[in-house]
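Engineer: output the structure for:
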Amino acid sequence: MNWQDIKVSADSTHFLCDGKPLFGKTFAEVLKFHAPGFAPVKDDTGAYHLDSKGQPLYPQRYTRTFGYYCNRAAVLDKGKWFHLDDKGKITYVNTYAWAGNYQENLCPVRDHDNRYFHIILSGERAYPLSFVYAGDFKDGFACVKTNKGLYRHIDCKGAFLHDGEFIDLGIFHKNFATAKDKRGWHHIDKTGKEIYQERFAAVEPFYNGFALVTGFDLEKIIIDEAGYKILSV
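Structural biologist: Just a heads-up that it's a prediction; the model follows:
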């Protein structure tokens, strides 16, 4: 059976293939299968990962388990977070107050002093800086909140991409990112510069050249990459 054909039931208690229940068992909770073919599950013995044949990947049980990304899975065990490899082995000696999912072989974590940074697959820090918050990497860049209380973009070495600092900030999508300054939300390019002068109450990323935004009068409109209104929706 191909693990990609396995689906999660509507109530998230069991797995299905072609609409039929699998493995002859229900769980307290299941999450979807991820490459290389394992799914997080939880039953009365605890949380663990299941392979595509319905067998536990390892004998250990945890408080919570999450999906595999970059062949690493985040788990919570007695208040401590860390990652497992695709054999179910712990990949490093450190533990964290929280751990995210690896994206582009980098993962945001929060240490026990509530400082955020990213780690590489071996568990070592990707860079020496720490932040108030750090998000996932996408296309080589991530959003972080600095000690100044403002958001910036960093690269995989922890270097700031540009000089822009914002009240709030999104990741880059098709070369543009959503950003909020004192005037409101807008879009910026990879130099940190606005791509139009207008500001909005809310904006979404551009989708094939156009974005849905909300004006301060709460009108929903579509704009192009020059910031011009195309139509109301």
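Engineer: so which bits of stretch 57-74 are buried?
Structural biologist: The neighbour-count check on stretch 57-74 (16 or more other CB atoms under 10 Å) flags 57, 60, 62, 65-74 as buried. (C-beta placed from N, C-alpha, C; glycine too.)
Engineer: span of that stretch from start to end?
Structural biologist: Using CA to CA, to the nearest Å, the gap from the first to the last residue of stretch 57-74 comes to 14 Å.
Engineer: starting at the chain centroid, how far to it?
Structural biologist: Using CA atoms, centre = their mean, to the nearest Å, the distance from the centre of stretch 57-74 to the centre of the chain it belongs to is 16 Å.
Engineer: now that stretch: average pLDDT?
Structural biologist: Stretch 57-74 shows a mean pLDDT of 98.
Engineer: so who does the residue minimising distance to the centre of the chain touch?
Structural biologist: To find the centre residue of the chain, average its C-alpha atoms and take the closest one (CA atoms, centre = their mean): that gives Asp136, at 4.9 Å. Residues touching Asp136, when contacts are defined by CB atoms under 8 Å, 6 or more residues apart in numbering, comprise Gly100, Asn101, Gln103, Pro108, Ala142, Ile171.
Engineer: ok, Ala28 touching Thr45?
Structural biologist: No. Taking CB atoms under 8 Å as the contact criterion, Ala28 and Thr45 are not neighbours in contact, 10.1 Å apart.
Engineer: so for these two, which sits in the more crowded spot?
Structural biologist: Ala28 (12 against 9; other CB atoms under 10 Å).
Engineer: which residues of the protein score low on pLDDT?
Structural biologist: Low-confidence segments of the chain, defined by pLDDT under 70, are absent.
Engineer: can you map out the helices along it?
Structural biologist: With DSSP state H as the criterion, the chain has no helices.
Engineer: contacts for stretch 162-177?
Structural biologist: Applying CB under 8 Å, 6+ apart, the set of residues contacting stretch 162-177 from outside is 135-136, 138-139, 141-143, 146, 148, 150-153, 178-182, 185, 187-193, 195, 205-206, 225.
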